[in-house]
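J.: Structure, please.
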Amino acid sequence: MHKYVTLFVAVALVSVSVVAAEKNTLENWQQDDALTHRVQEGHYSMFDGIKLTEQQRQQLRDLMSLASRATPCINISEMERMHTLVTAKTFDEAAVKEQTEKIAQEQVARQVEIARVRNQMYNLLTLEQRQILEQKHMQRINELKLQMSGRISASAQKPTTIPVTSE
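T.: Sure thing, here's the model as predicted:
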């Protein structure tokens, strides 16, 4: 009976992994398409509030297209390896640490490529557009600071206790 339960769980995990991988691929495709669409509309989040010329929009589309091909993909086999380590009977901290560092290095490579493309996009802007972008950036930073200060003060408050009365 135990073998059947184990087999069932293994099949379920593999099925979920396959479905998740397919969903992730579909979401990435849809996300890339949505990003391209937003760039075409002039509403790419980095450029909210900035009016782009048709030439700039085309250059942004071209950069996005090149970037989607150049950005390293998520390595599913590394994720599967981590899943295997997490679901192992005994916890191997050294192996998990090594695997986590591997995944982190891949994430760093993706983030560097994204930053490179954003820099190229930024350099397409005029001085006036850059000033607007800087104002929007400062506004977002100030909003984040407000949110963070609200969280800090809320977490610093001592929890109140409600007296329990017996009837």
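J.: Just the C-alpha atoms of stretch 57-69, please, in CSV.
T.: Provided in CSV are the C-alpha atoms of stretch 57-69 (Å, rounded to 0.1, in the frame of the first residue of the first chain):
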residue,chain,number,x,y,z
ARG,A,57,8.7,53.2,-29.9
GLN,A,58,10.1,51.2,-32.8
GLN,A,59,13.6,51.3,-31.2
LEU,A,60,12.1,50.0,-27.9
ARG,A,61,10.3,47.2,-29.7
ASP,A,62,13.6,46.2,-31.4
LEU,A,63,15.4,46.2,-28.1
MET,A,64,12.7,44.2,-26.4
SER,A,65,12.8,41.7,-29.3
LEU,A,66,16.6,41.3,-29.1
ALA,A,67,16.5,41.1,-25.3
SER,A,68,13.9,38.3,-25.2
ARG,A,69,16.3,36.2,-27.3
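J.: I figured Arg130 hits Met121, correct?
T.: No: using Cβ atoms under 8 Å, Arg130 is not in contact with Met121; the gap is 11.2 Å. Heads up, the C-betas are built off the backbone N, CA and C, glycines and all.
J.: Between these two, which has more neighbouring residues?
T.: For Arg130 and Met121, the more surrounded residue by other Cβ atoms under 10 Å is Met121, and the numbers stand at 19 against 13.
J.: didn't that one look like it was pressed against Met46?
T.: Yes: Met121 lies in contact with Met46 (Cβ under 8 Å); the separation is 6.6 Å.
J.: picking up where we left off before, report the set of residues contacting both of Arg130 and Met121.
T.: Counting by Cβ atoms under 8 Å, 6 or more residues apart in numbering, Arg130 and Met121 have no contacts in common.
J.: contacting residues for Thr71?
T.: Contacts of Thr71 (Cβ under 8 Å, 6+ apart): Arg110, Glu113, Ile114.
J.: And the helix or strand containing the last one, what's buried?
T.: This means Ile114. Applying DSSP states H and E as the criterion places Ile114 in helix 93-122. Across helix 93-122, burial judged by 16 or more other Cβ atoms under 10 Å covers Gln99, Ile103, Val117, Met121.
J.: Dump these into a markdown table; add pLDDT and distance to Cys73 as well.
T.: Below are the buried residues of helix 93-122 laid out as a markdown table (pLDDT from 0 to 100; distance: Cβ to Cβ, whole Å):
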| residue | pLDDT | distance to Cys73 |
| --- | --- | --- |
| Gln99 | 94 | 18 |
| Ile103 | 91 | 13 |
| Val117 | 90 | 16 |
| Met121 | 91 | 21 |
